[in-house]
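**Student:** generate a structure from the sequence data that follows.
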Amino acid sequence: MKPSTKKRVPQDSAENQDAQSIIETARKVLDIESQAIAELGNRIDDQFVNVVHHLNQCKHLVVTGVGKSGLIGKKISSTFSSIGLPSLFLHASEASHGDLGMISKGDTVIAISNSGETDEVVKLLPIFNRIKCTLVGMTGNMQSSLAKRSDYVLDVSVKEEACSIDLVPTASTTATLAMGDALAMAFMELRGVQEEDFALNHPGGSLGRKLLTLVDDLMHSGADIPRIKEDADIYQVLKEISRKRLGMTLVVGGQDQLLGIITDGDLRRLIEKQKDISQACAKDIMGGHPKTITRDTLAAKAVRVMQDHSITSLAVLSNDQKIEGIIHLHDILKAGVV
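**Tutor:** Numbers count the residues shown, from 1 in each chain. Below you'll find the model as predicted:
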């Protein structure tokens with residue numbers, strides 16, 4: 001029996017070929033999907049603007065779909081809820097078995113179907129009309145039943161899916177999700193949603209801490225505020241900074257008004273400049289115009305102010321400029337705000 005003359009491909013060579021093929025496939029997918037999103041920009045027109053204005057007037061949004069479109073719909077619905085428009089997802093298959101009770105007269109429905117002919121969705125169209133809902137269709141087929149029976153239609157069509165057989169929902173679902181995000185962010189801008197509004201819907205986790213924790217929650221107040229009179233000597237300054245353990249003290253006038261601030265850095269610089277510091281007093285050492293903040297400000301914003309000015313603490317003042325507290329960077333970090 002003759003030995004085989006077939007050459008064996010080295011294993012490492014085969015693995016290299018596989019790796020290259022994987023990289024090429026991944027890059028192709030990303031190219032196709034990014035192109036699909038880019039092309040949506042040409043479809044942002046008056047129809048899109050009208051949908052955004054309508055959403056700003058509606059009180060309740062329902063998003064429906066099945067399969068991959070349904071999963072995208074869940075995310076779109078969740079996004080709108082998080083920015084202040086009450087929204088829920090209605091599975092098109094379950095709608096005919098009692099879940100249509102989720103929808104009321106005057107609601108807005110976003111129905112998602114790439115083909116525009118998904119049986120479960122198309123069957124609901126006359127019911128939406130009967131309930132007197134406003135219907136927004138998101139479809140890749142502008143000649144479909146969904147497109148023709150919608151009050152507003154958003155074109156999310158793509159040239160091709162990002163799979164080798166052009167069947168697996170990839171580019172189409174990405175485009176639909178992107179259009180949903182575009183709607184949500186345009187709505188958010190129109191309604192003027194601010195950080196504080198967003199925070200009310202996100203009380204948990206690190207996001208909640210960042211968006212809900214106020215200076216008032218973390219500041220040192222009352223007897224814990226380091227403060228001295230402007231004529232205090234150097235030893236009183238050192239004692240107050242050491243006792244309150246914040247690395248600084250406020251300097252106040254006769255009416256307890258804020259005049260300045262002394263930090264441990266100011267003391268080090270004083271010692272470097274002159275050998276005899278025994279005659280120094282607070283008003284000679286302090287830095288004027290200390291940075292301040294109000295107690296109802298988000299702690300995360302206080303951090304930004306500190307970073308912008310390379311400092312670690314802020315005086316907390318009331319609207320009539322009375323001293324209410326001190327907020328220190330370490331307290332904010334300890335609370336997990338940033």
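**Student:** and Val252, bridged to which residues?
**Tutor:** Lys229, Leu258 (DSSP bridges).
**Student:** and the next helix or strand past the helix or strand bottoming out on mean pLDDT in the chain?
**Tutor:** With mean pLDDT, DSSP states H and E as the measure, the helix or strand of the chain carrying the lowest mean pLDDT is helix 195-200 (a mean of 71). Next helix or strand after helix 195-200 toward the C-terminus (DSSP states H and E): helix 205-212.
**Student:** domain parsing for this structure?
**Tutor:** Following automatic domain parsing, the chain resolves into domains at 17-193, 215-334.
**Student:** least confident of these, on average?
**Tutor:** Note on the domains of the chain: domain 215-334 shows the lowest mean pLDDT, a mean of 91.
**Student:** mind checking the end-to-end distance for that one?
**Tutor:** 13 Å (C-alpha to C-alpha, to the nearest Å).
**Student:** go on, stretch 158-168?
**Tutor:** End-to-end for stretch 158-168, by C-alpha to C-alpha: 13 Å.
**Student:** and for Asp197, nearest residue in space, chain neighbours not counted?
**Tutor:** Once flanking residues are discounted, Asp197 sits nearest to Gly84: 5.9 Å by C-beta to C-beta, 6 or more residues apart in numbering. Where C-beta positions appear, they are placed from N, C-alpha and C, glycine not excepted.
**Student:** look up how far Val215 lies from the nearest residue to Thr213 once chain neighbours are set aside.
**Tutor:** Distance criterion C-beta to C-beta, 6+ apart; nearest residue to Thr213, sequence neighbours excluded, is Ala299 at 4.5 Å. The gap separating Ala299 from Val215 is 6 Å, by C-beta to C-beta, to the nearest Å.
**Student:** give me the common contacts of these two.
**Tutor:** Counting by C-beta atoms under 8 Å, 6 or more residues apart in numbering, the residues touching both Ala299 and Val215 are Ile327.
**Student:** before we move on, back to that, the residue nearest to Thr213 and Leu218 touch, don't they?
**Tutor:** Yes: between Ala299 and Leu218 a contact is recorded at 5.7 Å, counting by C-beta atoms under 8 Å.
**Student:** show residues contacting stretch 141-161.
**Tutor:** Here stretch 141-161 has contacts from 32, 35-36, 39-40, 43, 47-48, 50-51, 54, 111, 113-118, 121-122, 125, 129, 134-140, 166-172, 175-176, 179, 183, using C-beta under 8 Å, 6+ apart.
**Student:** buried set for it?
**Tutor:** Using 16 or more other C-beta atoms under 10 Å as the test for burial, stretch 141-161 gives 141, 144-147, 149-158, 161.
**Student:** figure out how far stretch 37-53 is from the centre of its chain.
**Tutor:** How far stretch 37-53 lies from its chain's middle: 22 Å, per C-alpha atoms, centre = their mean, to the nearest Å.
**Student:** nope, stretch 300-319 is what I meant
**Tutor:** 22 Å.
**Student:** try stretch 112-125
**Tutor:** 32 Å.
**Student:** just the terminal-to-terminal distance for it.
**Tutor:** First residue to last in stretch 112-125 (C-alpha to C-alpha) measures 12 Å.
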